[in-house]
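Student: Give me a model of this one.
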Amino acid sequence: MKHTHAVAALSAVAIACGGNSPATSHNNPGTGSSTLKVTGDIDGSISSGSPLTSFTVTVKDGAGNNVSGATVVVLNPSLSNGGLPLVEATPASGRYTNSVAQFPSGDFELSVTHPSGNVQGVVVGGPGMHTINAPTVNSTMPANQPLAVSWTTPTQAKQATVWTRDLNAVSAPDTGAFTIAATQNPPNANQRVFVERFNEVDAAGGLAGSRLRVTFTASVDPFVVQ
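Tutor: Predicted structure coming up:
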């Protein structure tokens, strides 16, 4: 029942914020005991049409020691039963993980509880699962010319990052478009492009450095530049 109420509240927040509002407007820093450092990463990607999302949460105390035996749950209305428990696969590691064969839509809420403290109600707005519109798989693009990269923006993310085999990662606003300079678009018979979009929120109820981040990465591989 606890998960049901939390998911209902999370859904209500998402609806109230509106479908077209930036992901950052859905963020909530939550509350907690300020005795734990909690860093959470929700990493989604898609390959061959199949999305996969991994969840990793690291919990430490004020002295930097791993916190074992915590109860860690990520809530999202699109997850089975509205929530996903994370498990400490390696004993005493303080590292809790799980994964699902989907990228859940909507926002994510993190709950961490332990006898030594807690972090509750931390919400990060989901950026949605984007696709790259251009270039396309197996297309041929002109070398030594500006290369226009475009993608969908289901919900505007905090930031986007673009890179290829010949372009180091460059951060940009999540406008759905980025142009790679001609000097960074040399001939390449096996080129690929990645677009990563992310959002994050600091966890107010955790020690300094506590945060929750969600990232989704899509790619086009291969295409030809000649």
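
Student: tell me the domain boundaries of the chain?
Tutor: As assigned by automatic domain parsing, the chain contains the domains 2-119+200-217, 132-196.

Student: Redo those domains as TSV? Include mean pLDDT.
Tutor: Formatted as TSV, the domains of the chain follow (pLDDT from 0 to 100):
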stretch	mean pLDDT
domain 2-119+200-217	89
domain 132-196	98
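
Student: closest to V224 out of those domains?
Tutor: Among the domains of the chain, domain 132-196 comes nearest to V224, with 4.6 Å by CB to CB. C-beta: built from backbone N, CA, C; applies to glycine.

Student: would you turn the domains of the chain into CSV with mean neighbour count and distance to V225?
Tutor: Putting the domains of the chain into CSV (neighbours: other CB atoms under 10 Å; distance: least, CB to CB, whole Å) gives the following:
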stretch, mean neighbour count, distance to V225
domain 2-119+200-217, 18, 21
domain 132-196, 16, 5
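
Student: of all those domains, which lies closest to G126?
Tutor: Checked against CB to CB, the stretch from the domains of the chain lying closest is domain 2-119+200-217, at 5.1 Å.

Student: Adding distance to G125, write the domains of the chain out as a markdown table.
Tutor: Converted to a markdown table, the domains of the chain look like this (distance: least, CB to CB, whole Å):
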| stretch | distance to G125 |
| --- | --- |
| domain 2-119+200-217 | 3 |
| domain 132-196 | 7 |
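
Student: so which of these gets nearest Q226?
Tutor: domain 132-196 (5.3 Å).

Student: what is T161 paired to in the beta sheet?
Tutor: S171, E196 (DSSP bridges).

Student: check contacts around the nearest residue to K37 once chain neighbours are set aside.
Tutor: Take K37 and drop its neighbours on the chain: the residue closest to it by CB to CB, 6 or more residues apart in numbering is L207, 4.1 Å away. Applying CB atoms under 8 Å, 6 or more residues apart in numbering, we find L207 in contact with 34-37, 60, 62.

Student: Need the max-distance pair from the residues you listed.
Tutor: By the measure CB to CB, S34 and K60 form the most distant pair in the contacts of L207, at 13.3 Å.

Student: you'd agree S150 is up against T175?
Tutor: No. Counting by CB atoms under 8 Å, T175 is not a contact partner of S150; they are 9.3 Å apart.

Student: helices or strands up against the helix or strand hosting V214?
Tutor: According to DSSP states H and E, V214 maps onto strand 211-225. If you count contacts as 3 or more CB pairs under 8 Å, 6 or more residues apart in numbering; DSSP states H and E, strand 211-225 packs onto strand 36-47, strand 108-114, strand 117-124, strand 132-134, strand 140-141, strand 188-202.

Student: Please save the CA atoms from the longest one in PDB.
Tutor: Output for strand 188-202, consisting of C-alpha atoms alone and laid out as PDB, is shown next (Å, rounded to 0.1, in the frame of the first residue of the first chain):
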ATOM      1  CA  ASN A 188      34.700   8.000 -42.100                       C
ATOM      2  CA  ALA A 189      33.300   4.800 -43.600                       C
ATOM      3  CA  ASN A 190      32.000   3.600 -40.200                       C
ATOM      4  CA  GLN A 191      30.700   6.700 -38.400                       C
ATOM      5  CA  ARG A 192      28.300   6.700 -35.500                       C
ATOM      6  CA  VAL A 193      26.600   9.400 -33.500                       C
ATOM      7  CA  PHE A 194      25.300   9.400 -29.900                       C
ATOM      8  CA  VAL A 195      22.900  11.700 -28.200                       C
ATOM      9  CA  GLU A 196      22.600  11.600 -24.500                       C
ATOM     10  CA  ARG A 197      20.000  13.600 -22.500                       C
ATOM     11  CA  PHE A 198      19.900  13.800 -18.700                       C
ATOM     12  CA  ASN A 199      18.200  15.500 -15.700                       C
ATOM     13  CA  GLU A 200      19.300  15.500 -12.100                       C
ATOM     14  CA  VAL A 201      18.300  16.800  -8.700                       C
ATOM     15  CA  ASP A 202      20.200  17.300  -5.500                       C
END
